[in-house]
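Asks: model this:
(chains A and B)
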Amino acid sequence: MVGAEGPTPAQEANVKAGILSYGAYIPFHRISRAEMGKAWGIPSLPGERAVANRDEDSLTMAVEAGLEALVGIDPASVNALFFCSTTPPYAEKQCASIAALALDLRPEVYTADFTGTTRAATVALRAALDAVESGSARRVLVIAADMRPGEPQTTWEQLMGDAAAAVLVAADAPVRVAGWASVVSEVVGPWRRPQDRYVRSFEPKLETEYGYVRATAQACRAALEKCGLGPAQLAKAALYSPDLRSVADMARQTGLDRSQVQDPMLMTVGNAGAAHALLVLAAALDQAEEGQRLLVANYGDGADAFVLELGGPLPRPQGRRSVAQFLASKRDLPSYGAFAALRNLADRPEPRVHSSPVTYWRDVAVELRWHGARCLACGVVQYPIPRVCRECNARDNFQEVKLARRGTVFTYTLDHLYANEYLDTPIPRAVIDLEGGGRVFLEVTDCDPSEVRWGMTLETTFRRLHEVAAFHNYYWRARPVR
Amino acid sequence: MSGIRDRVAIIGVGCTRFGEIWEKDQEDLLVEAAYEALDDAGVTPEDVDAVWVSNFFNFTGQSGGTAIEPLALFGKPATRVENFCASGMDAFRNACFAVASGVYDVVLVCGVEKILDQGARGLPQESYHPVFQGASAPGMFALAASRAFHEWGWTKEDLARVAVKNHKNGAAHPKAHFRRPITIEDALSAPMIAWPLGRYDCCAVSDGAAALVITRPEIAKDTRHKDDYVLVKANALAVYSIQPFYVGSYNWLGFPATRAAARMAYEEAGIRDPRREISLAEVHDCFTSTELFNIGDLGLVEDPKDAPKFVADGLADVEGEVAINPSGGLKCFGHPIGATGCRMLYEVTKQLQGRADGYQVRDPRYGLAHNLGGPGAVASVTVLARRD
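Replies: All right, here's what the predicted structure looks like:
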């Protein structure tokens, strides 16, 4: 283990970048680990884990967390977007660029993917801080999301959890970064080669004791030392760890009291990989008060630690959901079979449907940016963007507008047929009148179909429809408000 | 506009049995329907000046060759027509123009569909551009039914009564796909397909073909059916949005395309009180809820929300005020997409000629056929009457 050089004291003095906003996303579905253990006849870990829906992946969850972080923020003010994940949906093809469109960022935005390690999120956070401090960007959105594949019939499958979290890095933000430190640590585990379907582990004791715990505690102590602070001066520490015992060991080796450790959400969400540190940080920020100091630390073949100071009141915009809200908004999967279906462990083939890279490319404003058009003659907002107004026949007289996320159900059906298959659980499809205008037709996800009603309020959510034509077909669906 | 009224005569009709026809292909069905119509008219294939053929799914046919090839009418003019589920009646409409203009004397109109042969289960689903969604045909029409449940208080029982009536009618028709009467309880306990539409609310997915031979009335006077040929009193087509779910002003209570086509057709035929003047109507009951909407859209009830009462009171029965789908309709006779419009005209012609043994409507005056396509987007209404 080798200690890495931190910033020089001179550079530290110039640190001005911080966290302006943040957001989290925890998928709607959970499964109790007891259910998973029972299905395989193996021991169960305690608690439950978060499970991404069949139409979600790391990118869609990242967009959801990004939308939360941008509540009350003009998306056009974001200069750069960093997407962080060990499970990007593409091996070759940038995901941040797709997220930038779904988040309706400016076309001039700088985008990058950070991957290959669970530490990707804090690696990107460092890059974001550097970018803002160097003046190359004013606002950088860092989003981390993961849905790591745990091998079936092992406790890894029970331990993993799917989630996303985002921080918006900006100059003169209320959450200042007082200092940071990194260490590198070469431990074989956990890892995954390109041909590996599941995350591998050699020996948990080696990984946790000499990997997670030792490296993380070392980075934490170094960061505190650089800030001239002692562990007692921290309100909370947000630590990434694969198990509760390691969290306790990290805290002890850093000199922290148990009460200073932010709930690592291993009993409720699971090990969220690259998203984990920022997710726990988001939960800490939800409760943090002006003047408090926080520590956030992340691990992955080394560790990063940051000391944060709440220099001013943290904006809590209306409409941004807290981590607690996401934890409370959930539906328990009834069985391991339901989990296996969401993960497509049976390798069911893709539906026989149409998919065109050409229309996907040409219609990004409509499909990804969620833009409609307002007729400048009659004022009616329409979707998708027409050439001739459907209401007053004015031709080519539209202003492209961003559509709202929320709307009410005008009419709906519960459709049991899809791509020539009869589905026992129907797909709810709703005609929705959006707030501020525009009528759309979306599939409703993350719900009990029998709950859908006329007049119900729904909100859009970014989803992966299918992989026909061997690329990810992303589009919006609707869900009951979480 | 001089219109089409009294300018075209139907002198021969043919129709195959509808159903899941495993042993025959599209060519078999088209040949059988076309020769039945030619034989009925007493004309030979050589007498045919031109052909219009309707067919929806392009896996079963493209081009005018869809009809020319199986009939071996090489060298004759032929056009394939596609206008969603209203393709059949639109082929008829275009053929009528050709005859009325005097360009052709004898024209064969035929429609055919061979759904079983497409290699997947059920009705093939088409576009999946995400913006156009993957809703099934029942799912699309259920959006309208759902709204009527909410706005007008329609119930599953209202839909079930339509299914019971059409199953009763279909049971009497030797060429119908489904020939088994059902009860209200059968309909109510059937599996759901697209709420609120259950299995018995959905029409049959069928193979089949139907054909007509048309000419001008002055020529019809010298044919086999010189005493009972059938005149086209009106034919109208209207097309509305094929993406109605994006039209903010649409209330989903019925189909404006049908209302527009009916208005044009009634004006041309001189019909002022459709409920009193029309004796029978073959309407596009792709779903039971659609038949109820059709009753309202065609002006057979004063307030369209009262359509269920019209059926419940027996006014739509074969013996009722306006016999609705005495053939069993799409629900039970079947719905081979491209053939349906032609089949409706076959059916109304036979009724007007008194040739509907076992399901004959008494002393019919005007007969109406209504073909609806897409998510209620394309509607064709034809009014027929026997020659004086």
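Asks: For the nearest residue to A:Asn473 once chain neighbours are set aside, give me its contacts.
Replies: Spatial nearest neighbour of A:Asn473, excluding adjacent residues (Cβ to Cβ, 6 or more residues apart in numbering or on different chains): A:Leu465 at 4.6 Å. Any C-beta I mention is one placed from the backbone N, CA and C, and that applies to glycine too. Residues counted as contacts of A:Leu465 (Cβ atoms under 8 Å, 6 or more residues apart in numbering or on different chains) are A:55, A:473-475, B:130.
Asks: Helices - which of these land there?
Replies: Per DSSP state H, helices hold no members of the contacts of A:Leu465.
Asks: Tabulate those (CSV), appending distance to A:Leu244 and neighbour count.
Replies: Putting the contacts of A:Leu465 into CSV (distance: Cβ to Cβ, whole Å; neighbours: other Cβ atoms under 10 Å in any protein chain shown) gives the following:
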residue, distance to A:Leu244, neighbour count
A:Asp55, 32, 19
A:Asn473, 39, 22
A:Tyr474, 36, 25
A:Tyr475, 39, 25
B:Pro130, 42, 26
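Asks: Which member of these is positioned nearest B:Gly19?
Replies: Checking these against B:Gly19 by Cβ to Cβ gives B:Pro130 as the nearest, at 35.6 Å.
Asks: The closest one contacts A:Glu367, correct?
Replies: Yes: using Cβ atoms under 8 Å, B:Pro130 makes contact with A:Glu367 at a distance of 5.8 Å.
Asks: Run through the strands of the stretch 151-300 of chain A in chain order.
Replies: Applying DSSP state E, counting those that start in this stretch to the stretch 151-300 of chain A gives strands spanning A:163-171, A:175-184, A:236-239, A:293-299.
Asks: What separation do you get for the residue nearest to A:Cys378 when sequence neighbours are not counted and chain B?
Replies: Once flanking residues are discounted, A:Cys378 sits nearest to A:Cys392: 3.9 Å by Cβ to Cβ, 6+ apart. Distance, A:Cys392 to chain B, by Cβ to the nearest Cβ, to the nearest Å: 10 Å.
Asks: Neighbours of A:Cys392, how many?
Replies: Applying other Cβ atoms under 10 Å in any protein chain shown, we find 12 other residues in the vicinity of A:Cys392.
Asks: Could you report the pLDDT at it?
Replies: pLDDT, A:Cys392: 96.
Asks: residues in contact with it?
Replies: By Cβ under 8 Å, 6+ apart, the neighbours of A:Cys392 are A:375, A:377-378, A:380.
Asks: can you pull the pLDDT of the residue lying closest to B:Asp207 once chain neighbours are set aside?
Replies: The spatial neighbour of B:Asp207 that comes closest, neighbours along the chain excluded (Cβ to Cβ, 6+ apart), is B:Ile21 at 4.3 Å. On pLDDT, B:Ile21 comes in at 96.
Asks: Tell me how far B:Ile21 lies from chain A.
Replies: According to Cβ to the nearest Cβ, B:Ile21 and chain A sit 19 Å apart.
Asks: Can you show me the helices along chain B?
Replies: Assigned by DSSP H, the helices in chain B fall at B:26-41, B:65-71, B:87-100, B:137-152, B:156-171, B:184-188, B:217-220, B:256-269, B:274-277, B:288-297, B:307-312, B:329-332, B:337-352.
Asks: Reformat the strands of the stretch 151-300 of chain A as TSV; add mean pLDDT and distance to chain B.
Replies: TSV is the format used below for these (pLDDT from 0 to 100; distance: least, Cβ to the nearest Cβ, whole Å):
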stretch	mean pLDDT	distance to chain B
strand A:163-171	97	22
strand A:175-184	96	38
strand A:236-239	98	37
strand A:293-299	98	35
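Asks: so which of these gets nearest A:Asp363?
Replies: Comparison of these against A:Asp363 by Cβ to Cβ identifies strand A:163-171 as nearest, at 25.4 Å.
Asks: List the neighbouring strands of that closest one plus their orientation.
Replies: Strand A:163-171 pairs in its sheet with strand A:17-25 (antiparallel), strand A:139-146 (antiparallel), by DSSP bridges.
Asks: mind showing which ranges of the stretch 251-400 of chain A have poor pLDDT?
Replies: For the stretch 251-400 of chain A, no stretch has pLDDT under 70.
Asks: Show me which residues of it are close to chain B?
Replies: By Cβ under 8 Å from any Cβ of the partner chain, the residues of the stretch 251-400 of chain A that approach chain B are A:351-356, A:359, A:363, A:366-367, A:380-384, A:390-391.
Asks: What about the residues you listed, which are in strands?
Replies: A:381-382 (DSSP state E).
Asks: now the helices for the stretch 151-300 of chain A?
Replies: Using DSSP state H, counting those that start in this stretch, the helices found in the stretch 151-300 of chain A span residues A:155-159, A:204-205, A:214-227, A:244-254, A:276-287.
Asks: Could you identify which of these is most buried?
Replies: Mean neighbours per residue, mean count of other Cβ atoms under 10 Å in any protein chain shown, is largest over these for helix A:276-287, with a mean of 27.
Asks: residues in chain B within reach of chain A, list them.
Replies: Chain B comes close to chain A at residues B:120-131, B:133-136, B:138-139, B:142-147, B:150, B:191-197, B:241, B:245-249, B:252, as judged by Cβ under 8 Å from any Cβ.
Asks: from the stretch 51-200 of chain A, which residue is nearest to chain B?
Replies: A:Asp55 (11.7 Å; Cβ to the nearest Cβ).
Asks: Can you give the domain ranges for chain B?
Replies: Domain segmentation of chain B under automatic domain parsing yields B:9-118+B:206-220, B:135-203+B:233-386.
Asks: And the ones you listed: which comes nearest A:Leu314?
Replies: Among the domains of chain B, the nearest to A:Leu314 by Cβ to Cβ is domain B:135-203+B:233-386 (39.5 Å).
Asks: quick revisit: can you list the strands paired with strand A:163-171 in a markdown table and add mean pLDDT?
Replies: Converted to a markdown table, these look like this (pLDDT from 0 to 100):
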| stretch | mean pLDDT |
| --- | --- |
| strand A:17-25 | 97 |
| strand A:139-146 | 98 |
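Asks: Identify the residues contacting A:Asp301.
Replies: Contacts of A:Asp301 by Cβ under 8 Å, 6+ apart are A:117, A:119, A:184-187.
Asks: Give me the distance between it and A:Leu376.
Replies: 55 Å (Cβ to Cβ, to the nearest Å).
Asks: Work out which residue lies at the spatial centre of the chain.
Replies: With no chain named, the answer covers chain A. The C-alpha lying nearest the average C-alpha coordinate of chain A belongs to A:Ala164 (Cα atoms, centre = their mean; 2.1 Å).
Asks: meant chain B, my bad for not saying
Replies: Closest-to-mean residue, chain B, Cα atoms, centre = their mean: B:Gly341 / 3.7 Å.
Asks: from memory that residue sits against B:His370, does it?
Replies: No: judged on Cβ under 8 Å, B:Gly341 makes no contact with B:His370 at a distance of 9.4 Å.
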